[in-house]
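[1] Pasting a predicted model and its sequence here:
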2 protein chains.
Amino acid sequence: MQTVRKDIHNSDLPVLCQSCEARHQGICGALRPEQLQQLSKATRRVHRGEGEELIADAMPIDSYANVLRGVVKLTKVLEDGRQQVVGLQFAPDLLGRPFASESRVTAEAASDVDLCVIPRPALESMLKDSAPLEHRVMMQALRELDEARDWMVTLGRKTAAEKVASFLYLIASHIDPTEEGAATTFDLPLSRSDIGDFLGLTIETVSRQISKLKADGVIEIVSYRHVTVPDLARLRVRCG
Amino acid sequence: MQTVRKDIHNSDLPVLCQSCEARHQGICGALRPEQLQQLSKATRRVHRGEGEELIADAMPIDSYANVLRGVVKLTKVLEDGRQQVVGLQFAPDLLGRPFASESRVTAEAASDVDLCVIPRPALESMLKDSAPLEHRVMMQALRELDEARDWMVTLGRKTAAEKVASFLYLIASHIDPTEEGAATTFDLPLSRSDIGDFLGLTIETVSRQISKLKADGVIEIVSYRHVTVPDLARLRVRCG
DNA sequence: CGGTTCTTTGACATTAGTCAATACCAGTGG
DNA sequence: CCACTGGTATTGACTAATGTCAAAGAACCG
């Protein structure tokens, strides 16, 4: 099947899908050209600015979306307003909880994002017909579960210093998946406040730990949002 | 399909499966009788005592298992020995990470457990043939993901008192899913040390918070492992 | 019973949070 | 181009929460 797909000429594919990342590593990679054609009739690309809410907690889900560019943060809040970021999604992740009547998280654009919005009935009917598609969705769910459990260790057992190092390492390896030891430079997709909500820390503690990493030469702060890591391995050992 | 299954006489089913919880709410409920017959040829029931390791972290997975009775805890450890419980599994959950070459957690019997062990090839070949089975596995993965994210809020943003109340509430609602407000009594499946590892707290802090809940009349400690909750709603409000 | 393990409790140390002041950067309009 | 302004981030002083170490008390198991 893989070879069949490879041999198909791009012109069989919807124009918008031809250069789309979701078609390769995302869920659309599980679809045959005619299925993609069909699905693409229902989808539309949209842009959302930083801070825009994409999915509200406890609201009916009326659409899913492929993340094409940017970072989406998933958060939960306690009644008194305490907030926790429970996940980050990057291209080409599928956004939206499959097979649930309502969302259990709030999804918000952490940076400017491009999405390919898929109406709920369109995706769900295709899921019923396509076992490979459902398989990809499951593989993403399992990967997210692995990531959530990794993060539980960070939240439950690491010190503030280790938490901040772990966060920077996570972002660095997502943005720029080069080999260990190499220098990397990147923009943080989250404000200090979001980082705190991700790590279960206050903004002040995050700031202090970043300053400490800077003082120790592990990172360089080009500007608030722009960081350089001269040696990823040195950051790695700070992760606990 | 559901009605078809209901009409089948129990004698069509493997003897061991007839009274098995996994056949109803667990993954086996997705199988037709002849599939269940076939699968049951490869499975075997085993008992494991409290504290026994069921799956080792970073080891090849050679089998899956349905939890039939008891509680399994999933843990991860940092190099220096700090430990975090990242999940609990109850009957009729499927134990084992599907589609991964190695486990990413350690699974250990938190109490005495009964398992129905399924060799890896047996389950994976059946997963390939049965979309309904894969669907059930996905639904479990999604549920575990929801639970993991709920727990991230507890780990990241709740106080020690709220964490302990949340843990007791979690156990109470799993063991005895009666309505709110009712009295419940149950055995804790975890030691204080495990509870600490689940909540990201030390054993002493767990103990102090339990003592405090007892002093406030929210819970009664019959013995170390045996707890009575006179009013679940009063416990609920302590969860933050 | 008597030993072993687990749990509780207390005194103290450490970490992270809170509150408050200052510094920084980014955008706006003079 | 520069000064102003609002939001964001950093830093400092102090407080509160949780962890650490140590000892005593309960439960469990022959």
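    Nice, thanks for sending it over.

[2] who are the neighbours in contact with the residue most central in space within chain A?
    Per CA atoms, centre = their mean, the C-alpha nearest to the average position across chain A is that of residue A:89, at 1.2 Å. Residue A:89 makes contact with A:67, A:71, A:72, A:73, A:74, A:95, A:107, according to CB atoms under 8 Å, 6 or more residues apart in numbering or on different chains. Using the backbone N, CA and C atoms, a C-beta is placed for each residue, glycine as well.

[3] same thing but at 10 Å, please
    Applying CB atoms under 10 Å, 6 or more residues apart in numbering or on different chains to residue A:89 gives the contacts A:54, A:65-67, A:70-74, A:95, A:107, A:110, A:113, A:140, A:144.

[4] Of the residues you listed, which belong to helices?
    Counting by DSSP state H, the part of these found in helices is A:140, A:144.

[5] check the contacts of residue A:89 against DNA strand C, which are close?
    The subset of the contacts of residue A:89 within reach of DNA strand C, counting by CB under 7 Å from any atom of the strand, is empty.

[6] so which of the contacts of residue A:89 comes closest to chain B?
    residue A:144 (5.6 Å; CB to the nearest CB).

[7] Next one, pLDDT for the closest one please.
    Looking at residue A:144, its pLDDT is 97.

[8] what's the spacing between it and residue A:98?
    11 Å (CB to CB, to the nearest Å).

[9] list residues touching both of the two?
    With CB under 10 Å, 6+ apart, residue A:144 and residue A:98 have common neighbours residue B:142.

[10] which residues sit in contact with residue A:43?
    A:14, A:16-17, A:22, A:28, A:36, A:63-66, A:115-119, A:122-123.

[11] just residue A:54 next, same as before
    So residue A:54 contacts A:46, A:48, A:63, A:65, A:67, A:72-74, A:89, A:95-96, A:103, A:106-109, A:113, A:115, A:117 (CB under 10 Å, 6+ apart).

[12] looking at chain A, which helix or strand is least sure?
    Ranking every helix and strand in chain A by mean pLDDT, DSSP states H and E puts helix A:2-7 at the bottom, with a mean of 47.

[13] so what pLDDT did residue A:13 get?
    According to the model, residue A:13 scores 78 on pLDDT.

[14] you'd agree it is up against residue A:20?
    Yes. With contact defined as CB atoms under 10 Å, residue A:13 reaches residue A:20; the gap is 9.0 Å.

[15] Which one's more surrounded, the two?
    residue A:20 (22 against 19; other CB atoms under 10 Å in any protein chain shown).

[16] Now for residue A:237, how many residues are close by?
    Neighbours around residue A:237, by other CB under 10 Å: 11.

[17] And for residue A:102?
    For residue A:102, using other CB under 10 Å, the count is 12.

[18] same deal with the one 4 residues further on?
    Residues near residue A:106, counting by other CB under 10 Å, number 20.

[19] Map the structural domains onto the sequence of chain A.
    Following automatic domain parsing, chain A resolves into domains at A:2-154, A:158-239.

[20] Serialize those domains to TSV and add fields for distance to residue B:168.
    Shown next, in TSV, are the domains of chain A (distance: least, CB to CB, whole Å):
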stretch	distance to residue B:168
domain A:2-154	18
domain A:158-239	21
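
[21] Which one, of those, ends up nearest to DNA strand D?
    domain A:158-239 (3.0 Å; CB to the nearest atom of the strand).

[22] quick one: that closest one to chain centroid distance?
    Relative to its chain's centre, domain A:158-239 lies at 17 Å (CA atoms, centre = their mean, to the nearest Å).

[23] Kindly check the end-to-end length of it for me.
    8 Å (CA to CA, to the nearest Å).

[24] avg pLDDT for that domain?
    92.

[25] go on, stretch A:122-135?
    94.

[26] Contacts made by that stretch with the rest, please.
    Counting by CB under 10 Å, 6+ apart, A:1, A:27-32, A:35-36, A:38-43, A:63-65, A:94, A:96, A:98-99, A:118-119, A:136-137, B:99, B:127-128, B:130-131, B:134-135, B:138 sit against stretch A:122-135.
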